[in-house]
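**Student:** got a predicted model here, sequence first, then my questions.
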Amino acid sequence: MIRRLSSFVLALVVLPALFASIGCGSTTSSPTSPTTVSNSYALLGKVPAAVSGVPQSFAHIFLLPAGATMSLTLTSATEVMLDGSVVSTVPLGVGLGTVTNGVCTVLPGAFVNTASATSPQMAWPMPAGTDCVLVSDVTVQEGAVSYAITLTY
């Protein structure tokens, strides 16, 4: 009985491994370079129309768990005028900053006036912590401007 059991175990364990090794060719591959994984986020918002000639702004606040270089792309900016017409080439001011006491403060040099584009308009090293994107009216716009921004790090 023990002899039959050991033969059975041999047949179940050893033979499949033997057949698998006979049927498989041997290939070698060199290690690949590590890939960089980036995170990409879409921010959607609206900058209100100027109030009594004073340009308005909007801040997006986010938590960055580790410091990273942040790329910012304003992908669209569309203003709806008071008469209902639409302007799709509105420049906006966009900046990267940090948040202190609930206020988004743009980092020195991390602000640009730009129209929408398909490639990043800015890349800036950002510290870990509570950071922000400030989007501002730079033309004393008549209507509200809906926009889309892509952040990548």
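**Tutor:** Looks like it came in fine.

**Student:** switch to C-alpha atoms for all contacts and neighbour counts from now on
**Tutor:** OK.

**Student:** leaving out the residues flanking it, which one is nearest to the most centrally placed residue in the chain?
**Tutor:** In the chain, the C-alpha nearest the mean C-alpha coordinate belongs to residue 40, at 1.9 Å (Cα atoms, centre = their mean). Nearest non-adjacent residue to residue 40, counting by Cα to Cα, 6 or more residues apart in numbering: residue 152, 4.3 Å away.

**Student:** my guess is residue 89 contacts residue 75, does it?
**Tutor:** No - checked against Cα atoms under 8 Å, the pair residue 89 and residue 75 is beyond contact range at 10.8 Å.

**Student:** quick one: low-confidence ranges for the protein?
**Tutor:** Under the criterion pLDDT under 70, the flagged ranges of the chain are 1-38.

**Student:** that one: strands as residue ranges?
**Tutor:** 40-47, 57-64, 68-80, 86-87, 92-100, 103-114, 122-126, 129-137, 145-152 (DSSP state E).

**Student:** give the pairing partners of the longest one; include direction for each.
**Tutor:** Each strand that pairs with strand 68-80, with its direction, by DSSP bridges: strand 86-87 (antiparallel), strand 122-126 (antiparallel), strand 145-152 (antiparallel).

**Student:** contacting residues around the nearest residue to residue 133 once chain neighbours are set aside?
**Tutor:** Of all residues not flanking residue 133 in the chain, residue 96 sits nearest, at 4.7 Å (Cα to Cα, 6+ apart). Contacts for residue 96 were tallied using Cα atoms under 8 Å, 6 or more residues apart in numbering; they are 106-107, 110-111, 124, 126, 131-134.

**Student:** do the same with residue 124
**Tutor:** By Cα under 8 Å, 6+ apart, the residues touching residue 124 are 69-71, 96, 110.

**Student:** quick check: the gap between it and residue 112.
**Tutor:** In this view, residue 124 and residue 112 are 12 Å apart by Cα to Cα, to the nearest Å.
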